[in-house]
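Enquirer: I need the structure of the sequence given here:
(4 chains)
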4 protein chains.
Amino acid sequence: MKRIGIMTSGGDAPGMNAAVRAVTRKAEHEGLEAYGINYGYAGLLAGDIFKMDSRSADDIINRGGTILYSARFPEFAEEPVQLKGIEQLKKFGIDALVVIGGDGSYHGALRLTEHGFNAIGLPGTIDNDIPFTDFTIGFDSALQTATDAIDKLRDTARSHERTFVVEVMGRNAGDIAMWAGVAGAAEDVIIPEKDFKIEDVAAKLKSARARGQKHGIIVLAEGVMSAAEFAKKLEPFGDFQLRATTLGHVQRGGSPTAFDRVLATRMGVYAVDLLMEGKGGLAIGIQNNKLEYHNMLDLFDSKHQPDMDLYKVAKDLAF
Amino acid sequence: MKRIGIMTSGGDAPGMNAAVRAVTRKAEHEGLEAYGINYGYAGLLAGDIFKMDSRSADDIINRGGTILYSARFPEFAEEPVQLKGIEQLKKFGIDALVVIGGDGSYHGALRLTEHGFNAIGLPGTIDNDIPFTDFTIGFDSALQTATDAIDKLRDTARSHERTFVVEVMGRNAGDIAMWAGVAGAAEDVIIPEKDFKIEDVAAKLKSARARGQKHGIIVLAEGVMSAAEFAKKLEPFGDFQLRATTLGHVQRGGSPTAFDRVLATRMGVYAVDLLMEGKGGLAIGIQNNKLEYHNMLDLFDSKHQPDMDLYKVAKDLAF
Amino acid sequence: MKRIGIMTSGGDAPGMNAAVRAVTRKAEHEGLEAYGINYGYAGLLAGDIFKMDSRSADDIINRGGTILYSARFPEFAEEPVQLKGIEQLKKFGIDALVVIGGDGSYHGALRLTEHGFNAIGLPGTIDNDIPFTDFTIGFDSALQTATDAIDKLRDTARSHERTFVVEVMGRNAGDIAMWAGVAGAAEDVIIPEKDFKIEDVAAKLKSARARGQKHGIIVLAEGVMSAAEFAKKLEPFGDFQLRATTLGHVQRGGSPTAFDRVLATRMGVYAVDLLMEGKGGLAIGIQNNKLEYHNMLDLFDSKHQPDMDLYKVAKDLAF
Amino acid sequence: MKRIGIMTSGGDAPGMNAAVRAVTRKAEHEGLEAYGINYGYAGLLAGDIFKMDSRSADDIINRGGTILYSARFPEFAEEPVQLKGIEQLKKFGIDALVVIGGDGSYHGALRLTEHGFNAIGLPGTIDNDIPFTDFTIGFDSALQTATDAIDKLRDTARSHERTFVVEVMGRNAGDIAMWAGVAGAAEDVIIPEKDFKIEDVAAKLKSARARGQKHGIIVLAEGVMSAAEFAKKLEPFGDFQLRATTLGHVQRGGSPTAFDRVLATRMGVYAVDLLMEGKGGLAIGIQNNKLEYHNMLDLFDSKHQPDMDLYKVAKDLAF
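Expert: Below is the predicted model of the structure:
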């Protein structure tokens, strides 16, 4: 193996650049060359490929987004397109590929491997919704952004004795909501993995008021419903001075936390190690604080499970 | 004069607590006592009043919101209610009052002064929409929060080559939008004080694309329309990959910037100085980098004007 | 069990307040009462003890330092003092104790348990130097502060093509240095657990220069030597435009990261659970992403080991 | 005029890049070309000059340091060197120059103008020590960094009831110390422009203790003495649990605040306007919230004065 390609795919996440840097530097350290592929699979097909060097990988570890851009490219589901992609890679002398992205991006990587071209996936998404990894690259940064926002909202909530329904990202996963709820000392946390009764939410707010705390924060995962809908449902149950707010895309950007940078760096290094061993079709994860890899096929059969112990903690403390 | 009352009124703003602290410490320094009034005019009527001391004013300079709470109380427009308020103040031996809030709060302060009870207003609002002051307490912090958010959104905008329409606060004023637009290097800035043509916005985005920059940020003041409406209007004019996002209440909270803390502190000290001179019915401002005061009556006849030179700068650079 | 005491001891760390809150709320949730003990073991002896309620635990999750204060009290090593401490606890009807602090604080907790009074320890220190836990409460926050500082220093290093020797905290442990070194993309990382040759450091800087990067960041753990000493040692080996900087006590303060808040909260809840089961003399940790407890005696026989895989990553990428 | 050169000189400061961007974009907007000169006057002599375009000025507004690098070059005090510099500028077809830096950099700019080559200076330094401007580019960002650090140090100071002597930057000017002291609610502020008695500092700390506040923060400008020296002087006067800390170079880096970005942008635009009017030898400043220019000769005869009203505020509140 002489040349490793690297691309980012799917929604951007803080830490992707740290992973790109790690692959590039590790490759150089091993006497290999790293090639960047812009715009994910779309750029692969288009041959938007360039030689990375220390320079291109400098000063990116602390930058949000992805310097390799990202783009949707559903066409890559088709075999001829995949083969064309391999052709492009070979044209540049690239022998193996690292793809950073959500599980959507993994399908392409698996197909390439099945066609004999080793590709390895890194879990890059703020949603933390990928199986076989406790943390995805970007989750901690998004969590921090959401928590900072909740801290700010609480200032106003307390000053005006209002209740904020704060909608956070996570697609169908409740991880950001659950963690940010605990970190933000939310009065309640609503996630898609658990049913809720609106009466129970109202009861919590009322009990907080009875204790003398007249404001509240409810953290709502976007996978449940919108903040506005939720507020509308809750309104008839009491005079909570509700305000609905949606944190939105800010959760996707910003300088990655130290945690995400370290995670992304370790995963990037590990991917190069595995490719050098001739492996492919693998998804890298961190489980029980150790780097692991799993066959992508197994991953597609699995489902990410949020940490229900933490959910219980959130509920216990927000009684 | 022996006792000074202090309250916050209207929407909360970062720096209000710094002003509360400054009034309290300055009063103590001058051998006076400071009394906190909770919940603005509502708390005044209800007699929710307590003696402040160094302790209550400690550790609050860096906290968002207001430790004195805030509440709406339109009833204070009625004279009997105002007289009842003065009665309450006298019951606690309070001789003069500092009110921190938007220009709504100033009306009450003026009425009190007209009834012979000196009150002075400090401009506390993120909107920067109060006449006779270049900066209101809270504006710089809200601007910083908006700018940080725009930095984060640009990460995603660039990575995915999208255009974000970012709706910022400011009520009817365009100051936050204009400053955050310049600080965030926005491709365009839309404020209520200036008409705009949607075609011109589209033209700017297209010219940026022609130069090779395929993403964009448009900062929109909430006083114009919502981000969603704006995006809908813009959509027919080109393939800009539009996303609408509303920063929302986070702009109101958070630890005040150093600038806001210093401004609030200086204004709080100045208010005590003026009250000690027997003055009342005044609104404090900073103009041309100097503390000034104006008669509140003059203020109600005036209108805040955004800095049109800065608007021109925003437009010139975003060609 | 009816009443749980809680104290902080040793150096303060971000997240201690989150743990205090968690113990208090969890206790309330279980129908128990929580009592705060100010100034660690010193306050215990002095009877500086008060009933915590939701109020005292409100609004503290995001605050640095410890609302319960901390103080040194070496006298607690003596048995009569320990027995006096138990007397005080019983006077307040307290049945069990949670101590948050470094391993110094654990000795007192173990003695209390040996005298029949159950006490459980939570690892609260930025240094990450406690055995049987992958992360201590405060480590992630200190790491983030150090990383932010390194990002800032790099701006100047690059602009002026200088090399900064950045001394970070950690006492005898290299964890902050190692993690911050990876997160800050340092050109080299020096920790007390590994010998280094100054010639190798110089060689790395020279090789970076040869590649075109003329500035550098060397992250140095305080347990090795001071930044000034290190710079002096390095100076003869090349024209690196060295600057020595010591981040200092800022690493100990500040709002805890979301990660630390969640960790502290989970540990606090777990401590109450264990005390309710009648357990004592235990140190709580998180290992392999799971909450664990260990006998304090075992802990004193062990030594924290930094993650040498991560050290290798740091070295590989900084070639 | 067809081509404007731009360089940064002296110590780097946050906001320099925003000024570089503003000059570049404004030049483009006016149909001119902008040329970047690396490494200040050293690069000018060496001909390290390149055409800037929208691309090079993109994504830099929020980055600390200077993308144009900076370097010392005392040789530029000699006339032959100056003439050689003009030769280089003419070789690239550059007709006028913007220099961003401290007043050291202004001397070179004045000489160029005297030789018939128009040059204009922007005040870029965190120290706020340039005459004829209320704020320099970078001051607000450094102030914010210092204030954030003080907030963090206060966490530990309070938790352990210690007194921190915090040394901040500013060379011979006390502005950062004074503003950060007010913003950080320091118990005392020591600046080079005002003598102090160590007994008075001790008295303040003692009076704070008498009021029940047992910790303290003293902000010390580096122009007075080092934190360690100061602590040593203060130690004999009471048991203050002193700790000395030096914030150091972090104050020079980091993403500029919104305030600094706007200031730098406005100044950069203004510089191009003035050069287009054929002016040179001018130093731009902001005074009384308005952009102004002054002859550099006048500036060299003047001395920056800190705002003594603010100093009084600091002292009054820290009684």
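
Enquirer: Any figure for the gap between the closest residue to A:Tyr311 other than its chain neighbours and A:Pro306?
Expert: Distances taken as Cβ to Cβ, 6 or more residues apart in numbering or on different chains place A:Met178 nearest to A:Tyr311, at 5.6 Å, with adjacent residues excluded. Every residue, glycine included, has its C-beta placed from N, CA and C. Distance from A:Met178 to A:Pro306, counting by Cβ to Cβ, to the nearest Å: 6 Å.

Enquirer: okay, the two: which has more neighbours?
Expert: Ranked by neighbour count (other Cβ atoms under 10 Å in any protein chain shown), A:Met178 and A:Pro306 place A:Met178 first, with 31 against 22.

Enquirer: tell me the contacts of that one?
Expert: Neighbouring residues of A:Met178 by Cβ atoms under 8 Å, 6 or more residues apart in numbering or on different chains: A:Val189, A:Ile191, A:Ala221, A:Pro306, A:Asp307, A:Leu310, A:Tyr311, A:Ala314.

Enquirer: shared neighbours, A:Met178 and A:Pro306?
Expert: With Cβ under 8 Å, 6+ apart, A:Met178 and A:Pro306 have common neighbours A:Ile191.

Enquirer: what about A:Ala157, neighbour count?
Expert: 25.

Enquirer: Output the helix or strand where it lies as CSV, nothing but the C-alphas.
Expert: Per DSSP states H and E: A:Ala157 is located in helix A:139-160. Written as CSV, here are the backbone C-alpha positions of helix A:139-160 (Å, rounded to 0.1, in the frame of the first residue of the first chain):
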residue,chain,number,x,y,z
PHE,A,139,-21.1,14.3,19.5
ASP,A,140,-19.1,15.8,22.4
SER,A,141,-18.8,19.1,20.6
ALA,A,142,-22.5,19.3,19.7
LEU,A,143,-23.3,18.4,23.3
GLN,A,144,-21.1,21.2,24.5
THR,A,145,-22.8,23.7,22.2
ALA,A,146,-26.2,22.5,23.3
THR,A,147,-25.2,22.7,27.0
ASP,A,148,-23.8,26.2,26.6
ALA,A,149,-27.0,27.3,24.9
ILE,A,150,-29.1,25.8,27.7
ASP,A,151,-27.0,27.7,30.3
LYS,A,152,-27.8,30.9,28.4
LEU,A,153,-31.5,30.1,28.1
ARG,A,154,-31.6,29.4,31.8
ASP,A,155,-30.5,33.0,32.5
THR,A,156,-33.6,34.3,30.8
ALA,A,157,-35.8,31.5,32.1
ARG,A,158,-34.9,32.3,35.7
SER,A,159,-35.1,36.1,35.3
HIS,A,160,-38.5,35.9,33.8
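
Enquirer: about what we covered before: closest to D:Tyr69 among the contacts of A:Met178?
Expert: A:Ala221 (46.4 Å; Cβ to Cβ).

Enquirer: Excluding chain neighbours, what is closest to the closest one?
Expert: A:Ala177 (3.7 Å).

Enquirer: you'd agree the one you found is up against A:Val165?
Expert: No - counting by Cβ atoms under 8 Å, A:Ala177 sits too far from A:Val165 to count as a contact (11.4 Å).

Enquirer: So between the two, which is more surrounded?
Expert: A:Ala177 (32 against 27).

Enquirer: Am I right that the more buried one is in a helix?
Expert: Yes - with DSSP: H, G, I helix; E, B strand; the rest coil as the criterion, A:Ala177 is assigned to a helix.

Enquirer: where does A:Ala231 land in three-state SS?
Expert: Taking three-state DSSP, the label given to A:Ala231 is helix.

Enquirer: where exactly do the helices run in the stretch 51-200 of chain A?
Expert: For the stretch 51-200 of chain A, the helices defined by DSSP state H, counting those that start in this stretch occupy A:54-57, A:79-91, A:103-114, A:139-160, A:175-183, A:198-210.

Enquirer: Quick check: residues of chain A near chain B?
Expert: With Cβ under 8 Å from any Cβ of the partner chain as the criterion, chain A comes near chain B at residues A:8, A:11-12, A:14, A:63-66, A:69-71, A:145, A:148-149, A:151-156, A:158-161, A:164, A:243, A:245-250, A:252-254.

Enquirer: now with 6 Å?
Expert: For chain A, the residues in contact with chain B (Cβ under 6 Å from any Cβ of the partner chain) are A:12, A:64-66, A:69-70, A:149, A:152-153, A:155-156, A:158-160, A:245, A:248-250, A:252-254.

Enquirer: From those, keep the buried residues only.
Expert: Burial by neighbour count, 16 or more other Cβ atoms under 10 Å in any protein chain shown: within the residues of chain A next to chain B this picks out A:12, A:64-66, A:69-70, A:149, A:152-153, A:155-156, A:158-160, A:245, A:248-250, A:252-254.

Enquirer: Tell me the buried residues in the helix or strand of chain A with the lowest mean pLDDT?
Expert: Least confident helix or strand of chain A, by mean pLDDT, DSSP states H and E, is helix A:54-57 with a mean of 76. Using 16+ other Cβ under 10 Å as the test for burial, helix A:54-57 gives A:Ser54, A:Ser56, A:Ala57.

Enquirer: do it and chain C meet?
Expert: Yes - using Cβ under 6 Å from any Cβ, we find that helix A:54-57 touches chain C at A:Ser54.

Enquirer: I figured A:Asn17 hits A:Arg63, correct?
Expert: Yes - between A:Asn17 and A:Arg63 there is a contact under Cβ atoms under 6 Å: 5.2 Å.

Enquirer: Quick check on the two: which one has the bigger neighbour count.
Expert: A:Asn17 (29 against 21).

Enquirer: how about the more buried one, what does it touch?
Expert: A:Ile60, A:Arg63, A:Ile67 (Cβ atoms under 6 Å, 6 or more residues apart in numbering or on different chains).

Enquirer: can you tell me which residues contact the first one?
Expert: When contacts are counted by Cβ under 6 Å, 6+ apart, A:Ile60 touches A:Asn17, A:Arg21, A:Ile67.

Enquirer: For the strand or helix carrying A:Arg21, list every residue counted as buried.
Expert: Assigned by DSSP H and E, A:Arg21 falls within helix A:16-29. For helix A:16-29, the neighbour count (16+ other Cβ under 10 Å) marks A:16-28 as buried.
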